[in-house]
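Asker: Predicted structure and sequence below. I'll ask about it afterward.
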Amino acid sequence: MIILGIDPGTTRIGYGVVKKTGNEYKFIDAGLINTKNKNQSDRLIEINKEIVSLVNKFNPEKAGVEKLFFSKNKKTALTVSEARGVIIYSLTKKSIPIINISPNKAKISVTGNGNASKDAVAKMVGYILNIKTDKYIDDTTDALAIAIAASD
């Protein structure tokens, strides 16, 4: 089973693709959708195009998308929720089942601890997928953790 994990953000969206066979995980790809130098409307259009491109490239059987958690910055929460809405729309339009994953569930799935640090998540993602995670930023290792969590 191929699973796409997505960590929504305001200008950077992490994605990770894993294949699960039985209890074994295999790393396929990870990266960023970077929409930094665009206005919000253009970002949302680009997010849609990039998500559709990922689906067409990897043909995931399902996708894990991180749920929003309470944010003190309401403006940031709104822009992330808009991006998340476009992600969900893009996946739904391509008939990809979506699993909503809380940050705590992703952390528990890979570390066993819902309060694990970003470094601990990256370390365990590397261990589970047998990859070196030091070249990846936390948006991508979080997305890989979300993909692993969505496979359960």
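Answerer: Yep, that arrived.
Asker: Now residue 93: closest residue in space, sequence neighbours ignored.
Answerer: residue 52 (7.8 Å; CB to CB, 6 or more residues apart in numbering). In short, each C-beta sits where N, CA and C put it, glycine included.
Asker: Is it correct that the one you found is in contact with residue 94?
Answerer: Yes. If you go by CB atoms under 8 Å, residue 52 and residue 94 touch, sitting 6.5 Å apart.
Asker: buried residues in the helix or strand of the chain with the lowest mean pLDDT?
Answerer: Of all helical and strand segments in the chain, the minimum by mean pLDDT, DSSP states H and E falls on helix 74-93, at a mean of 89. Using 16 or more other CB atoms under 10 Å as the test for burial, helix 74-93 gives 79, 80, 82, 83, 84, 86, 87, 88, 90, 91.
Asker: Now do the same contact list for the fourth one.
Answerer: Put plainly, it is residue 83. Counting by CB atoms under 8 Å, 6 or more residues apart in numbering, residue 83 touches 8, 9, 10, 13, 43, 44, 47.
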